[in-house]
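Below are the sequence and a predicted model for it; my questions follow.
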Amino acid sequence: MVDGLADVSIPKFNRNTPLQRAVLPAMDSIANSGINGAMDPVEPGYSCGSDTAHLSIFGYDPRLYYRGRGAFEVMGAGLDMIPGDIAFKSKLCHP
């Protein structure tokens, strides 16, 4: 599974996506020999980002287990969380 690879079409690329314009022989070979496409791993109408999609793909119902991106970001940074901890995801602006 490659998350977020599809991208969007760009007018200056003649409505192609950056991936469609890229020269990627190894990925082309994998795509030609496998099953591929876009999917919505959660139910229709449910906002689906990487976080909720990954929970769903691994069998966890995001309506029961998802509590926001903060915990994902903290654990991805190698920090431990214990019950009762609260984590927020923020966007920092660097000059």
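All right, it came through fine.

Going by residue numbers, what spans are helices in the protein?
Using DSSP state H, the helices of the chain run over residues 18-21, 25-33, 50-57, 62-65, 69-76.

just these: most buried one?
Highest mean neighbour count among the helices of the chain (mean count of other CB atoms under 10 Å): helix 50-57, with a mean of 17. Where you see a C-beta, it was placed from the backbone N, CA and C, and this is true even at glycine.

Poorly predicted segments of the protein, please.
Along the chain, the parts satisfying pLDDT under 70 run over 1, 3-4, 91-95.

Of all residues in it, which one is nearest the centre?
S50 (2.9 Å; CA atoms, centre = their mean).

before we move on, back to that, switch the helices of the chain over to TSV, and while doing so, append distance to D7 to every line.
Output for the helices of the chain, formatted as TSV (distance: least, CB to CB, whole Å):
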stretch	distance to D7
helix 18-21	5
helix 25-33	13
helix 50-57	14
helix 62-65	23
helix 69-76	21
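
So what's the residue count around V8?
Residues within reach of V8, counting by other CB atoms under 10 Å, total 7.

Now for it: which residues touch it?
Shown in contact with V8 (CB atoms under 8 Å, 6 or more residues apart in numbering): T17.

how near is it to P18?
9 Å (CB to CB, to the nearest Å).

what's the closest of the helices of the chain to V2?
When the helices of the chain are compared by CB to CB, helix 25-33 sits nearest V2, at 8.6 Å.

Export only the CA atoms of that closest one, formatted as PDB.
C-alpha atoms of helix 25-33 as PDB (Å, rounded to 0.1, in the frame of the first residue of the first chain):
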ATOM      1  CA  PRO A  25      10.500   2.000 -14.200                       C
ATOM      2  CA  ALA A  26      10.500  -0.100 -11.000                       C
ATOM      3  CA  MET A  27       7.200   1.200  -9.800                       C
ATOM      4  CA  ASP A  28       5.700   0.800 -13.300                       C
ATOM      5  CA  SER A  29       6.800  -2.900 -13.200                       C
ATOM      6  CA  ILE A  30       5.200  -3.400  -9.800                       C
ATOM      7  CA  ALA A  31       2.000  -1.700 -11.000                       C
ATOM      8  CA  ASN A  32       1.800  -3.700 -14.200                       C
ATOM      9  CA  SER A  33       2.200  -7.000 -12.300                       C
END
